[in-house]
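Novice: following is a predicted model, sequence given first.
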Amino acid sequence: MSPGDIIENVTYNELVRSSKECRPILHRARKAILDTQTNMFSQYTFCNPLTHPRLPTAYLLAVGGWTNGHTTNEIEAYDIRANCWFSVAENDEVPRAYLGTAIFNGSLYCIGGFDGAEYFNTVDKFDLGTNTWQEVAPMHTRRCYVSVTVLDEFIYALGGFDGEDRLKTAERYQPSTNQWTLIESMNEKRSDASCTTFHGRVYICGGFSGDECLRTAEYYNPQTDQWTMIASMSSRRSAIGVITYANHIFAIGGFSGTSRLHTVEVYNPCTGTWHNMPSMLMPRSNFGIAVIDNRLFVVGGYQGFTTTSEVECFDVETNEWSAICDMEISRSALSCCLVYKPGL
């Protein structure tokens, strides 16, 4: 309920107006709603019993990207309960597109990317409790079109483009020591790929080698510091979305070298095979991807002629895609991640 609804439907209600007990409750409720709208991720919001959310247990964040011919630093959040997007906070950070993001220990990390002129090796950390930004240790290499994921106590940054070459190098960041360490390089150069984790391994699929869009995929074993090739996808996919969902690895959309894709294929690590799944409602590349409330969401992206604000989700139980609320701004080259709310 919005403050406007409270004013119209509650404040002037005769029963409420005549009750001394109701007035302080109404005042606290209005203050709580206003505080929630102005500072969505404050500690007050999480701890106040009036604003402490029951469901969902997480928000989906859409960070950065390319919109209206320029990069953006806009961060939007999706509330699955209300099926709506809202702007989290304005910030003075350098706008980034083709970045990677990760949530670790209550902070959002924005990694690498491109501002239209410069390719970044820098990493910015946003504390979701205090709403403050801090620059942390930079990567060893500038990485635009970078693939980022979290496994155990590390944030991994794989491949990308440094402004001159497509990269096969990879590194990982340990927040507790604020240090990046190079790991074994991948078998192939990959920019515009996408990665995920499954059973203690990091999987990366597709991308662009500098010569062609890739259908290959491989995984990293941190115990042995080795990369191993797996079965190739049926389609070449650059600017792809890859995520673990329903005990499988989903490879979604992307660019084949000739067209944007709406097709989906899924890898079963137990059998080492790929199979097709229902296609998205629309083709898209360079989109955000996340799993929340046991549904797989794809966010924004590029359709081949324009960026989009459209969002859709896949439910493995119904085996269907459905459209949901659009973002407030149209963007591609964004990155998505989940914020799990403390205390839930």
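Specialist: The structure has been received and is ready for your questions.

Novice: every contact and neighbour count from this point should use C-alpha atoms.
Specialist: Will do.

Novice: outline the domain layout of the protein.
Specialist: Following automatic domain parsing, the chain resolves into domains at 3-38, 58-340.

Novice: deepest of those, which one?
Specialist: Using mean count of other CA atoms under 10 Å, the stretch among the domains of the chain with the largest mean neighbour count is domain 58-340, at a mean of 20.

Novice: residue farthest from the centroid of this structure?
Specialist: Distance from the centre of the chain peaks at Ser18, with 48.8 Å (CA atoms, centre = their mean).

Novice: quick check, Leu15 in a helix?
Specialist: Yes: with DSSP: H, G, I helix; E, B strand; the rest coil as the criterion, Leu15 is part of a helix.

Novice: how close does it sit to Pro24?
Specialist: Per CA to CA, to the nearest Å, Leu15 is found 14 Å from Pro24.

Novice: which residues does Tyr78 bridge with?
Specialist: Leu60, Trp85 (DSSP bridges).

Novice: how near is it to Tyr173?
Specialist: As judged by CA to CA, Tyr78 and Tyr173 stand 27 Å apart.

Novice: could you do Leu281 as well?
Specialist: As judged by CA to CA, Leu281 and Tyr173 stand 36 Å apart.

Novice: now Asn13
Specialist: With CA to CA as the criterion, Asn13 and Tyr173 are 56 Å apart.

Novice: shouldn't Gln179 be in contact with Glu153?
Specialist: No: assessed by CA atoms under 8 Å, Gln179 is found out of contact with Glu153, at 11.9 Å.

Novice: mutual contacts of these two, please.
Specialist: Taking CA atoms under 8 Å, 6 or more residues apart in numbering as the contact criterion, no residue touches both Gln179 and Glu153.

Novice: how about low-confidence regions in the stretch 51-200 of the chain?
Specialist: For the stretch 51-200 of the chain, the stretches flagged by pLDDT under 70 are 51-57, 89-91.

Novice: okay, and the beta partners of the nearest residue to Arg331 once chain neighbours are set aside?
Specialist: Leaving aside its sequence neighbours, Arg331 sits nearest to Thr67 (CA to CA, 6 or more residues apart in numbering; 4.6 Å). With DSSP bridges applied, Thr67 shows beta-bridge pairing to His70.

Novice: got a list of what Thr67 touches?
Specialist: 307, 329-332.

Novice: may I have the beta-bridge partners of Phe208?
Specialist: Beta-bridge pairing for Phe208 (DSSP bridges): Ser191, Cys213.

Novice: would you agree it is in contact with Leu214?
Specialist: Yes: counting by CA under 8 Å, Leu214 is a contact partner of Phe208 at 5.8 Å.

Novice: shared neighbours of the two, which are they?
Specialist: Joint contacts of Phe208 and Leu214 (CA under 8 Å, 6+ apart) are Ser238.

Novice: hmm, back to that, which of the contacts of Thr67 sits closest to Ile230?
Specialist: Each of these was checked against Ile230 using CA to CA; the closest is Ser332, at 28.8 Å.

Novice: which residues touch the residue farthest from the centre of the chain?
Specialist: With CA under 8 Å, 6+ apart, Ser18 has no contacts at all.

Novice: Ile289 too?
Specialist: Each residue near Ile289 by CA under 8 Å, 6+ apart is listed here: 241-243, 296-299, 335-337.

Novice: what's the closest of these to Glu184?
Specialist: Among those, Val242 lies closest to Glu184 (CA to CA), at 21.1 Å.

Novice: and the strands in the stretch 101-250 of the chain?
Specialist: Assignment of strands within the stretch 101-250 of the chain using DSSP state E, counting those that start in this stretch yields the ranges 107-111, 123-127, 132-136, 147-151, 154-158, 170-174, 179-183, 194-198, 201-205, 217-221, 226-230, 241-245, 248-255.

Novice: out of these, nearest to Glu312?
Specialist: strand 248-255 (12.3 Å).

Novice: which neighbouring elements make contact with the closest one?
Specialist: The contact analysis (3 or more CA pairs under 8 Å, 6 or more residues apart in numbering; DSSP states H and E) places strand 248-255 against strand 241-245, strand 260-268.
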